[in-house]
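# Provided below are the primary sequence and the corresponding predicted coordinates.
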Amino acid sequence: MLKKIFQPKQKKFDRPYHLLQIESSMNCNLECVMCPWVDLHNSEKLLSWETFSHIQPYLNQAKEVDLTGGGEPLTNPYIPEMVKAVKAAGCKVGFSTNGLHLTPDVSETLIQLDMDWISFSFDAATPETYHRIRQGSSYETVIGNIRALKALKEEAGSQVPHVMMVFVMMSGEHKNFHELPAYIDLAHSLGAEYIIAKNLDVIVKDGDFERGLFSHAGTHLPEVVAVRQQAEKRAKELGISLRLYNLEPRQQTICEQHPVHNLYINYAGNVSPCITLSYADNRVFNGERVHVPCLVYGNVHDEPLETIWNKADYDAFRKLYERRLSVEQEAMLQAILGGDESEYSLPDAPEGCRTCYYLYGI
């Protein structure tokens, strides 16, 4: 009874999928030092219009579509048409890009299409650090492209696409975290509204674990803590949103990928809960290399998306997280009522998630 009283009423969603992440490309024009998917990149791994057409009937069942995957979306010539189709279905839409191919003409098209957001992967405040990390790119070109987008938005009187910038913080030979405060100023000057300063969270290559800033032991470099504090202060002064992730892994009830309502479709049409479970069967967790099975529940060429979504094994995967969320809610209720919340323990997460840093808030 108490659970019914305190449980918020569930809204009825006419769009059962909160987010469809549709990989428009597993091809990339750069070789970034921290990219977990660099060995998978191939110029032929583009989402074809035929594959997209198998997904298109379900767009009106999604609230939002992210056209990002393991590659660079702007290597796919169909991106403008895909954005147009998603908007026609009434969804929010955007993608992450390295910005090298975001010419003024492309920006103008995206503004005209009312694309909702764009995220730039840009990991430095100085050209020297940027070129060491984003190998094959041009600092000046990308900065010019982002400035052009800002100017074109102002000219059109448009608020969209909203601009995010993502900074992957690293130490070691690719150290860049010390540039984060200056990066806040740079991003603000480029019209960014939101900055995400993230850790190396998908680690598949040797050496990447050592380049990360987080620690399972809870020991952190004082310089890292100081830089984060400086960045937070500067972001507050400029009125720009800054998201910083944990420096110590702490298991969450469910990760931000939220596979209960979201799903991932790769360039070939394979359906998985997220990109990591689609590809990363060989990864590093707490300094140890681990092997976990990839999870692909079907392909949109072979069967309808709703059939794949409702398969028993996929449903069982989601129910593990539904149970974890339910236990968390019950524990919170007990805490409110003065009971002992410690008697509630979360069920184990799915096997492939237990060694994924997304689940640990990293």
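That came through fine. Residues are numbered from 1 along each chain as shown.
# give the contact list for the closest residue to residue 255 other than its chain neighbours.
In this structure, residue 255 finds its nearest non-sequential neighbour in residue 358, 4.0 Å apart by CB to CB, 6 or more residues apart in numbering. Placement of C-beta: from N, CA and C, glycine included. By CB atoms under 8 Å, 6 or more residues apart in numbering, the contact list for residue 358 reads 201-202, 255-257, 274, 276.
# now do residue 142
Contacts for residue 142 (CB under 8 Å, 6+ apart) come out as 98-100, 102, 120, 122.
# tell me the SS of the residue nearest the centre of the chain?
Among the residues of the chain, the one closest to the centroid is residue 257, at 7.5 Å (CA atoms, centre = their mean). Secondary structure, DSSP: H, G, I helix; E, B strand; the rest coil: residue 257 is coil.
# quick check: closest non-adjacent residue to it.
Of all residues not flanking residue 257 in the chain, residue 274 sits nearest, at 4.2 Å (CB to CB, 6+ apart).
# wait, isn't that neighbour in contact with residue 264?
Yes - using CB atoms under 8 Å as the test, residue 274 is close enough to residue 264 to be in contact (5.1 Å).
# who has more neighbours out of those two?
residue 264 (25 against 22; other CB atoms under 10 Å).
# mind listing the strands for the stretch 1-150 of the chain?
Ranges of strands in the stretch 1-150 of the chain, per DSSP state E, counting those that start in this stretch, are 17-22, 31-32, 62-66, 92-97, 117-121, 134-135.
# out of those, nearest to residue 169?
Closest to residue 169 of the strands of the stretch 1-150 of the chain is strand 117-121 (CB to CB; 12.9 Å).
# alpha carbons of the closest one, as CSV, please.
Extracted in CSV, the C-alpha atoms of strand 117-121 (Å, rounded to 0.1, in the frame of the first residue of the first chain):
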residue,chain,number,x,y,z
TRP,A,117,21.8,19.7,-31.1
ILE,A,118,25.3,19.0,-32.2
SER,A,119,28.2,17.9,-30.0
PHE,A,120,31.8,18.5,-30.9
SER,A,121,34.6,16.1,-29.8
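# got a pLDDT number for residue 92?
pLDDT, residue 92: 98.
# tally of neighbours for it?
Neighbourhood size, residue 92 [other CB under 10 Å]: 17.
# and what of the one 3 residues further on?
Close neighbours of residue 95, defined as other CB under 10 Å, add up to 26.
# mind listing what residue 292 touches?
Listed by CB under 8 Å, 6+ apart, the contact set of residue 292 reads 280-281, 283, 351-352, 355.
# check it and give its pLDDT.
92.
# again with residue 335
81.
# can you name every helix or strand that the helix or strand harbouring it contacts?
Here residue 335, judged by DSSP states H and E, is contained in helix 312-336. Judged by 3 or more CB pairs under 8 Å, 6 or more residues apart in numbering; DSSP states H and E, helix 312-336 is in contact with helix 2-6.
# just the buried residues of stretch 162-180, please?
By 16 or more other CB atoms under 10 Å, the buried positions in stretch 162-180 come out as 162-171, 174-180.
# narrow those to those in strands?
Among those, the ones falling in strands (DSSP state E) are 162-168.
# how many residues are close by the closest residue to residue 259 other than its chain neighbours?
Leaving aside its sequence neighbours, residue 259 sits nearest to residue 273 (CB to CB, 6+ apart; 3.8 Å). By other CB under 10 Å, 25 other residues sit near residue 273.
# residues contacting residue 273?
For residue 273, counting by CB under 8 Å, 6+ apart, the contacting residues are 257, 259, 262-264, 295, 314, 317-318.
# which parts of the stretch 101-250 of the chain are helices?
Listed in chain order, the helices of the stretch 101-250 of the chain (DSSP state H, counting those that start in this stretch) span 104-112, 127-133, 139-156, 180-189, 208-211, 222-238.
# please work out which of those helices is packed deepest.
Of all the helices of the stretch 101-250 of the chain, helix 180-189 carries the top mean neighbour count, a mean of 20, counting by mean count of other CB atoms under 10 Å.
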